[in-house]
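> prediction below, plus the sequence it came from.
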Amino acid sequence: MVGYWARTFVTNNQIFMKVTGFSFIKNAVQFDFPIKEAILSILPLCDEVIVAVGDCTDGTRELVQSIHPTKIKIIDTVWNTTLNRDGIVLADETNKAMQAAFANNSDWLIYIQGDEVLHEDGYTTITQAMQQYKDDQRVDGLLLNYRHFYGSYDYIATSSHWYKNEIRIIKNNPNIYSYKDAQGFRKSNNEKLNVKAVDAFVHHYGWVKEPKTMMNKRKEGVKFWEGEKYTEEYDKTDLGEYDFAQIDSLALYKKQHPQVMQQRIANVNWKFNYDVSFNKKSLKDKFKNLLFKLTGKRLLEYQNYKII
């Protein structure tokens, strides 16, 4: 039953809980974002999913609307073109969807970006955590694990600059807002959120695209990260295909992908092969890995949250 996981969790008693999902997207069809799979991956946990759909004409709105007949609520937005540095427009769009979700009187909000998919193996663990910490005033959110895929669905990135965890589930607290380029969240006066870690995985597929599409997406991203460089001349420039070989460290992925991704993976029309024996670990990464083996903690990694 869709929504069962979110609405009821049985211990000795049956407890009611309302959960709203939220996301934002623009040009999903043009740049081949797995937005359908992203939303489907959180839908079983949510009573409703609110999606801020930016101004575009590639069929993205129709795609999002088709995902579910009643549980998808679309907010039509116009991206602020003056927010053209460091990806802050992504946080602006996230906040639009999140503000609508706050008004939904839910206990929890689940955030998913257009290139992320929540693995169903974590549904039970997530539901249990939401029930356990629902009324715990110390807890602002839940921290999930990440796998970053690169080049194809067969490889995950392993160097330290890929974040290992991030907040994707938050309490219904209007003092929380999207931070910087929308990777994470802050609250009130730039405070980090207090979170509980949950053993559930988000798969990040943003670096898995056909090479030409990947380059076009990277080119489009210049508008929002280095806006002053996106001139009329640059817009007309054909940059060719993205070279996925420019990567330092990958590992073969041998586990299952989320069920909602199976058809997309079966439709892949390009090849990317990488010899993991040529991985180039930096001294910094080697030192971090040594510390992790000795302590079991990632002591030198940036954390945009406080684990309690």
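Nice, thanks for sending it over.

> determine the longest strand present in this structure.
Scanning the chain for the strand with the most residues, using DSSP state E, yields strand 194-207.

> gap between the helix or strand following it and the chain center?
Proceeding C-terminally, strand 194-207 gives way to helix 211-225 as the next helix or strand, assigned by DSSP states H and E. Mean C-alpha position of helix 211-225 versus that of the full chain (CA atoms, centre = their mean, to the nearest Å) differs by 18 Å.

> ok, now stretch 107-123?
The chain centre lies 8 Å from the centre of stretch 107-123; the measure is CA atoms, centre = their mean.

> endpoints of it, how far apart?
Between the opening and closing residues of stretch 107-123 lies a distance of 17 Å (CA to CA, to the nearest Å).

> coming back round to it: neighbouring strands of the longest strand of the chain in the sheet, and parallel or not?
According to DSSP bridges, strand 194-207 has the following sheet partners: strand 116-118 (antiparallel), strand 141-150 (parallel), strand 306-307 (parallel).

> among these, which is nearest Lys271?
Within the strands paired with strand 194-207, the stretch nearest Lys271 is strand 141-150; the backing value is 14.0 Å (CB to CB). C-beta: built from backbone N, CA, C; applies to glycine.

> whichever helix or strand comes after the closest one - contacts with which helices or strands?
Sequence-wise, the next helix or strand downstream of strand 141-150 (DSSP H and E) is strand 155-157. Here strand 155-157 touches strand 141-150, strand 250-252, going by 3 or more CB pairs under 8 Å, 6 or more residues apart in numbering; DSSP states H and E.

> in the stretch 201-308 of the chain, where is pLDDT below threshold?
281-300 (pLDDT under 70).

> what do you get if the cut-off is 80, keeping everything else the same?
When residues are selected by pLDDT under 80, those of the stretch 201-308 of the chain lie in 278-302.

> buried residues, the longest strand of the chain. List them.
Burial within strand 194-207, assessed by neighbour count using 16 or more other CB atoms under 10 Å, is assigned to 194-196, 198, 200-207.

> can you redo the helices and strands packed on strand 155-157 as TSV with distance to Leu239 and mean neighbour count?
Formatted as TSV, the entries for the helices and strands packed on strand 155-157 read as follows, by distance: least, CB to CB, whole Å; neighbours: other CB atoms under 10 Å:
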stretch	distance to Leu239	mean neighbour count
strand 141-150	19	22
strand 250-252	23	16
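
> I'd like to know which of the ones you listed is closest to Gln65.
The closest approach between Gln65 and any of the helices and strands packed on strand 155-157, judged by CB to CB, belongs to strand 141-150 at 27.1 Å.

> next one: the closest one to chain centre, how far?
8 Å.

> may I have that strand exported as CSV, CA atoms only?
What follows is the C-alpha trace of strand 141-150 in CSV, where atoms were taken according to Å, rounded to 0.1, in the frame of the first residue of the first chain:
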residue,chain,number,x,y,z
GLY,A,141,16.8,15.7,11.2
LEU,A,142,18.1,12.3,10.1
LEU,A,143,21.4,11.7,8.4
LEU,A,144,21.6,9.3,5.5
ASN,A,145,24.5,7.5,3.8
TYR,A,146,25.5,8.3,0.2
ARG,A,147,26.8,6.4,-2.8
HIS,A,148,28.1,8.6,-5.6
PHE,A,149,28.0,6.9,-9.0
TYR,A,150,30.3,8.1,-11.8
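
> what average pLDDT does that strand get?
Confidence for strand 141-150, expressed as mean pLDDT, is 98.

> do stretch 79-92 as well
When the per-residue pLDDT values of stretch 79-92 are averaged, the result is 97.

> what about it, start to end distance?
Its first and final residues considered, stretch 79-92 spans 8 Å by CA to CA.

> list the buried ones in that stretch?
Along stretch 79-92, the positions that meet the burial threshold by neighbour count (16+ other CB under 10 Å) are 79, 83-84, 87-92.

> before we move on, the earlier item: do you know which of the helices and strands packed on strand 155-157 lies nearest Gln262?
Nearest of these (CB to CB): strand 141-150, 14.5 Å.

> correct me, but Asp32 touches Glu210?
Yes - contact criterion CB atoms under 8 Å: Asp32 and Glu210 qualify, at 7.0 Å.

> of all the helices and strands packed on strand 155-157, which lies closest to Ile170?
When the helices and strands packed on strand 155-157 are compared for distance to Ile170 using CB to CB, the nearest one is strand 141-150, at 4.1 Å.

> just to revisit the earlier point, just flag the most distant two among the buried residues of stretch 79-92.
Comparing every pair within the buried residues of stretch 79-92 by CB to CB identifies Asn84 and Ala91 as the most remote, at 13.2 Å.

> returning to that earlier point: out of the helices and strands packed on strand 155-157, which is closest to Ala101?
strand 141-150 (13.4 Å).
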